[in-house]
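>>> following is a predicted model, sequence given first.
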Amino acid sequence: QVQLVESGGGLVQTGDSLRLDCIASTNTFGLSTMAWFRQAPGTEREFVAGLRWTGFAEYKESVKGRFTIARDNAKKTVYLQMNDLKPEDTAVYYCARARGESLYTNARDYVTWGQGTRVTVSS
């Protein structure tokens, strides 16, 4: 069974940076489409960034230019570098593995999820 384990969340101030890591326990990580979602209290889980094995990435509009998704296939790890953080970025961030090779933005198309890591940005 594939497992995803996130780390790197924390409490930061506006304008600070954080990097989230997600380690996968699958031998097919190199071919997997991986993504980061987030969920703030009282809201639905939303797509933040995704990355195909080809290197193609897609981002939520509000994080473009501030967040970068990357992967290290040898380490079976996907990263989310978050710069210039804002209070509206406060949420629990989840790493997810897609059901196929396409880059989906709907959470229903992701079959494996991590436990989440909390990011809190104070103003």
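Happy to help now that I have it. Residues are numbered from 1 along each chain as shown.
>>> pass me the low-pLDDT residue ranges in this protein, would you?
Counting by pLDDT under 70, the chain contains no low-confidence range.
>>> give the bridge partners for the residue nearest the centre of it, please.
Centroid-nearest residue in the chain: Trp36, 2.1 Å away (criterion: Cα atoms, centre = their mean). Per DSSP bridges, the residues bridged to Trp36 are Ala49, Cys95.
>>> residue contacts, it?
Leu20, Cys22, Val48, Ala49, Gly50, Ile69, Val78, Leu80, Tyr93, Tyr94, Cys95, Ala96 (Cβ atoms under 8 Å, 6 or more residues apart in numbering). (C-beta placed from N, C-alpha, C; glycine too.)
>>> Ser123 versus that one, what's the distance?
The spacing between Trp36 and Ser123, counted by Cβ to Cβ, to the nearest Å, is 23 Å.
>>> ditto for Asp16
12 Å.
>>> from the contacts of Trp36, pick the one nearest Ala57.
Of all those, Ile69 has the smallest distance to Ala57: 5.4 Å, by Cβ to Cβ.
>>> so that closest one touches Leu80, yeah?
Yes - shown here, Ile69 and Leu80 form a contact pair, counting by Cβ atoms under 8 Å, at 5.6 Å.
>>> the two: which is more packed in?
Leu80 (27 against 20; other Cβ atoms under 10 Å).
>>> which strand residues bridge that one?
Leu20, Ile69.
>>> ok, now which ones touch it?
Arg19, Leu20, Cys22, Trp36, Val48, Ala49, Phe67, Thr68, Ile69, Tyr93.
>>> number of nearby residues for the nearest residue to the last one once chain neighbours are set aside?
In this structure, Tyr93 finds its nearest non-sequential neighbour in Arg38, 4.8 Å apart by Cβ to Cβ, 6 or more residues apart in numbering. Neighbour count of Arg38, defined by other Cβ under 10 Å: 24.
>>> over to Glu101?
Neighbours of Glu101 (other Cβ under 10 Å): 11.
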